[in-house]
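**Student:** model the structure of this input:
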Amino acid sequence: MNTIVAHTRSFVIGVDTHARTHTYAVLAANGEHLDTETFPNTHAGRARAISLVARRTGGDLGALWVIEGIGSYGAQIARQSALAGYRVAEAARMGRGGRRGIGKSDPIDARRIAAAVLPLTEEQLRNPRMDEGIRAAAQILLTARDELTGERTRAVNALTALVRTASLGIDARRSLAAKKVGEIARWRPATKTSLPRRHAPRQSASPGGSSSSMPRSRTTRPG
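**Tutor:** The predicted structure is shown next:
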């Protein structure tokens, strides 16, 4: 008879992954929630998460990491936690029924990711494919493309909102098209017009001499 994860592992860490941040939930084998933290999706942020898990589990390398999106946003934390000596599994497929009436949040999702594997056997865990070479490079490029697309969409939406609130002579009833965004990108701040030069006041003639600013009188020769 196969033994379930709750009987083979003392701790399970659920990781809800996104482009910018990951949220980590630490659960004991009996389902007790020990901690939840969110860290940036950077090498330093992921290292802080691994340190957090070590503190909360007493350095137990038998803790199981269950990571969402191992093929995309979760690829880096899967590698780092595996290199730290932990067993890594891909998040189980979960329906929306268990979240009904709870709402959507990263801490809740991280806890659900961890709790979902407790009744599973070790054989039922989804082993991640740590792809290397061309496949891994292609996946990284696709993930980066998706992130850039999202950033561009947010920037265009912000620009559209700005144009709608300011009178700039642009019809922004619909989201700005690429051509219009390019036109706005070529705008430059108006330069200050140069002020007219002020002429120096004419100096009055000094006694005994004529001022250089006074016009010279013409002398006429007798005819």
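
**Student:** just give the closest residue to residue 48, not the sequence neighbours.
**Tutor:** residue 39 (5.2 Å; Cβ to Cβ, 6 or more residues apart in numbering). In short, each C-beta sits where N, CA and C put it, glycine included.

**Student:** and residue 119, which of the three is it?
**Tutor:** coil (DSSP: H, G, I helix; E, B strand; the rest coil).

**Student:** just read off the phi/psi values of it.
**Tutor:** phi -90, psi 0 (degrees, to the nearest 10).

**Student:** please apply the same query to residue 52.
**Tutor:** Main-chain dihedrals, residue 52, degrees, to the nearest 10: phi -60, psi -50.

**Student:** and the strands in the protein?
**Tutor:** 11-17, 21-28, 33-40, 64-67, 87-90 (DSSP state E).

**Student:** tell me the mean pLDDT over the second one?
**Tutor:** If I follow you right, that is strand 21-28. Taken as a whole, strand 21-28 has a mean pLDDT of 97.

**Student:** how many other residues sit next to the residue lying closest to residue 122 once chain neighbours are set aside?
**Tutor:** Sequence neighbours aside, residue 8 is the residue nearest to residue 122 in space, at 6.0 Å (criterion: Cβ to Cβ, 6+ apart). Using other Cβ atoms under 10 Å as the criterion, residue 8 is surrounded by 14 other residues.

**Student:** for the remainder of this discussion, apply numbering that starts at 836.
**Tutor:** Renumbered: residue one is now 836, and that last one reads residue 843.

**Student:** related to what we said a few turns ago, name whatever forms a beta bridge with the residue nearest to residue 883.
**Tutor:** Bridge pairing for residue 874 (DSSP bridges) gives the partners residue 857.

**Student:** pLDDT score for it?
**Tutor:** 97.

**Student:** pretty sure it sits against residue 859.
**Tutor:** Yes - judged on Cβ atoms under 8 Å, residue 874 makes contact with residue 859 at a distance of 7.1 Å.

**Student:** these two - which one has more neighbours?
**Tutor:** residue 859 (30 against 19).

**Student:** correct me, but that one touches residue 883?
**Tutor:** No - Residue 859 is not in contact with residue 883 according to Cβ under 8 Å; the separation is 9.6 Å.

**Student:** what residue ranges in this structure score low on pLDDT?
**Tutor:** Applying pLDDT under 70 to the chain flags residues 836, 929-939, 964-979, 982, 1025-1058.

**Student:** which residue is the nearest non-sequential neighbour of residue 942?
**Tutor:** Closest to residue 942 by Cβ to Cβ, 6+ apart is residue 871, at 4.7 Å.

**Student:** and that neighbour, what does it touch?
**Tutor:** Residues near residue 871 by Cβ atoms under 8 Å, 6 or more residues apart in numbering: 858, 859, 860, 861, 942, 945, 946.
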